[in-house]
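*Asks:* whatever this is, show me its structure:
(one chain, ligands or ions: 1)
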Amino acid sequence: MSMVTIDDLQDIRRLAASVAHDVYSPIAEELDVSRTPISLEQREELGKLGFLGIAHEEQYGGSGSPFSYALAVIEEFAKVCRPAAFQIFEANTGPAQVIARIGSLEQRRRWLPGIVSGAHTMAVAISEPDAGSAATDMKTAVRKTPHGLVLSGSKRWISNGGEADLYLVYARLADVPGSKGIGAVVVEKGMEGLSFGPSERLMGFRGIPSADVIFDDVRIPEENVVVQAGDFKKLFSLFSLERLGNATMSLALGQAALDKSVKYAQERTAFGKEIIEFQTIQTMLADMVLDVDGARLLIDRAARSADEGVPDPLHVSLAKCAANEMAKRVTDLAIQIHGGNGYTEEYGMERLHRDSHGWAIAGGTPAMQRTRIVSEFTGRRFDQRA
Ligand SMILES: Cc1cc2nc3c(=O)[nH]c(=O)nc-3n(C[C@H](O)[C@H](O)[C@H](O)COP(=O)(O)OP(=O)(O)OC[C@H]3O[C@@H](n4cnc5c(N)ncnc54)[C@H](O)[C@@H]3O)c2cc1C
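*Replies:* This next block holds a predicted model:
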């Protein structure tokens, strides 16, 4: 890894904020209204600027910077435009990190350069219609046949579903119940037997495609197996990186809502004075600052361990739970501070609030994080099935 200083972090944050402001701020509302993802050209431009390869090694086109730099860039884009931030999230903190950290050399060489350049994008497919929080109930399976490996099953709620070129699919690779039989394979768009359901019409996350992903006897080359059965723990420990990206999305929503509210409260007048003069408004703003800063500190702590390897799962679950719930509360208060304007699409507060609910469900709900927090904190395991 090249030598980095805090100035580099400030520089990359400033560059991200300026691109987000100049390029994505003018189109963010339209992407949301029309439920349109950013274009391939826009994604490739993000690649050229280096935003898709921050947390990837130089040999694959990345900059080999600390993981926290990627989070800073995600935050700046997500404050303005989640569809753009999402592609940076997928490339740096999502399934591509599984390839980068536990994929074979051949797999890294094959897939990472395309992701870092923006030519390709990835999705992670874990959830199924009957296996969400209970992910290890999944039925999607790879079976060995005389003609090779064959994948069947279907996945639900897959962000980037239909849009992505590469799918990291969690599946049963051995006929063993629970997590022990689960591994992961990469399915490439265009493979025979791969299809997609209709686009989901979600409350938020608009401009981030979401669809069922269906595998109807898809032939999987041996070299597309990334994680064998038996290595689920290793696979799932890397999901902590995705959770940090998720927590950062929530942080951005809260910070954007706070910044806009502070500005609005000093512009809007009622009863002849700026509404920030009213103690009720001050209390709301103070609660927002407390909430946003608390989440930021928890994310920063968890991110530091990500630079050294796999982040501490307790720190990650605390960060995700706090940030997800903070974003829901803070964006709700922002709507109140904006009065009638907060309820319009024009001011963007309702968009922040709608998105805050999505990030809380994605990546494991706060309820599931709480179970994990107590488990990690006490060193006890709680069997959810018993
Ligand atoms: C916007 C969005 C994006 C997503 N993106 C992806 C993606 O890219 N890839 C992917 O694989 N999945 C994705 N998901 C799926 C997501 O991971 C699941 O929706 C989530 O894990 C919850 O599963 P579920 O919807 O089946 O709810 P359920 O598991 O049915 O849960 C319903 C409710 O019960 C609670 N609950 C369940 N079990 C327990 C328990 N043991 N203790 C306490 N409470 C419990 C939950 O917290 C929740 O409140 C996405 C979801 C959303 C909404």
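
*Asks:* per-residue pLDDT, the nearest residue to A28 once chain neighbours are set aside?
*Replies:* Counting by C-beta to C-beta, 6 or more residues apart in numbering, A28 lies nearest to C81, which is 3.9 Å off, once chain neighbours are set aside. No exception for glycine: its C-beta is placed from N, CA and C like everyone else's. The predicted local confidence for C81 comes out at a pLDDT of 98.

*Asks:* just give me the neighbour total for C81.
*Replies:* Other residues within reach of C81, judged by other C-beta atoms under 10 Å, total 22.

*Asks:* how near is it to the ligand?
*Replies:* Remark: distance between C81 and the ligand (C-beta to the nearest ligand atom, to the nearest Å) = 16 Å.

*Asks:* right, and that residue touches P26 too?
*Replies:* No: taking contact to mean C-beta atoms under 8 Å, the distance of 9.5 Å between C81 and P26 leaves them out of contact.

*Asks:* what backbone torsions are found at the residue of the chain found nearest the ligand?
*Replies:* Across the chain, no residue is closer to the ligand than G132, which sits at 1.8 Å (C-beta to the nearest ligand atom). When read as degrees, to the nearest 10, the backbone of G132 gives phi -110, psi -90.

*Asks:* do the same with G53
*Replies:* Geometry field for G53 lists phi and psi as phi -120, psi 20, criterion degrees, to the nearest 10.

*Asks:* doesn't A70 make contact with it?
*Replies:* No: with the criterion set as C-beta under 8 Å, G53 and A70 do not qualify as a contacting pair; they are 9.2 Å apart.

*Asks:* stretch 119-131 spans what distance, first to last residue?
*Replies:* Counting by C-alpha to C-alpha, to the nearest Å, you get 32 Å between the two ends of stretch 119-131.

*Asks:* identify all contacting residues around that stretch.
*Replies:* 40, 43-44, 47, 87, 90-91, 94-96, 98, 111, 114-115, 135, 137-140, 153-161, 163-170, 187, 213, 242 (C-beta atoms under 8 Å, 6 or more residues apart in numbering).

*Asks:* near the ligand, from those residues?
*Replies:* Applying C-beta under 6 Å from any ligand atom to the contacts of stretch 119-131, one finds that 157-159 fall near the ligand.

*Asks:* reformat the residues you listed as JSON lines; add secondary structure and neighbour count.
*Replies:* As requested, these are exported to JSON lines (DSSP: H, G, I helix; E, B strand; the rest coil; neighbours: other C-beta atoms under 10 Å):
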{"residue": "W157", "secondary structure": "strand", "neighbour count": "21"}
{"residue": "I158", "secondary structure": "strand", "neighbour count": "25"}
{"residue": "S159", "secondary structure": "strand", "neighbour count": "23"}
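
*Asks:* any idea of the mean pLDDT in stretch 342-355?
*Replies:* Mean pLDDT, stretch 342-355: 97.

*Asks:* tell me which residues of it come out buried.
*Replies:* 342, 347-355 (16 or more other C-beta atoms under 10 Å).

*Asks:* mind listing which of the contacts of stretch 119-131 are in strands?
*Replies:* 153-159, 166-170, 187, 213 (DSSP state E).

*Asks:* mind pulling up the pLDDT for V310?
*Replies:* According to the prediction, V310 has pLDDT 85.

*Asks:* how near is D22 to R206?
*Replies:* Note on D22: its distance to R206, by C-beta to C-beta, to the nearest Å, is 22 Å.

*Asks:* these two: which has the busier surroundings?
*Replies:* Summary of the neighbour comparison: D22 and R206, criterion other C-beta under 10 Å, with R206 having more neighbours (22 against 10).

*Asks:* where does that one sit: helix, strand or coil?
*Replies:* Assigned state for R206: coil (three-state reduction, DSSP: H, G, I helix; E, B strand; the rest coil).

*Asks:* ok, now which ones touch it?
*Replies:* Residues in contact with R206, defined by C-beta under 8 Å, 6+ apart, are 31-33, 35, 83, 354.

*Asks:* again, only this time at 6 Å
*Replies:* If you count contacts by C-beta atoms under 6 Å, 6 or more residues apart in numbering, R206 has them with 32, 35.

*Asks:* and the pLDDT for it?
*Replies:* In this prediction, R206 carries a pLDDT score of 97.

*Asks:* what does V4 give?
*Replies:* Here, the pLDDT recorded for V4 equals 56.

*Asks:* L151 pairs with what?
*Replies:* According to DSSP bridges, the partner residues bridging L151 are V142, V218.

*Asks:* rewinding a little: only whichever of the ones in strands among the contacts of stretch 119-131 are buried, select them in ChimeraX.
*Replies:* This is the ChimeraX syntax for the buried subset of those, where burial follows 16+ other C-beta under 10 Å:
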select :153,154,155,156,157,158,159,166,167,168,169,170,187,213
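
*Asks:* TSV for the ones in strands among the contacts of stretch 119-131, including pLDDT and distance to G294?
*Replies:* Listed next are these as TSV, based on pLDDT from 0 to 100; distance: C-beta to C-beta, whole Å:
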residue	pLDDT	distance to G294
G153	98	40
S154	98	39
K155	98	34
R156	98	33
W157	98	29
I158	98	31
S159	98	27
L166	98	36
Y167	98	35
L168	98	32
V169	98	36
Y170	98	32
V187	98	39
V213	98	36
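
*Asks:* get me the contact residues on the protein for the ligand.
*Replies:* Taking C-beta under 6 Å from any ligand atom, the part of the chain that reaches the ligand is made up of 123-127, 132-133, 157-159, 202, 205, 358, 361-362, 364-365, 367-368, 371, 384.
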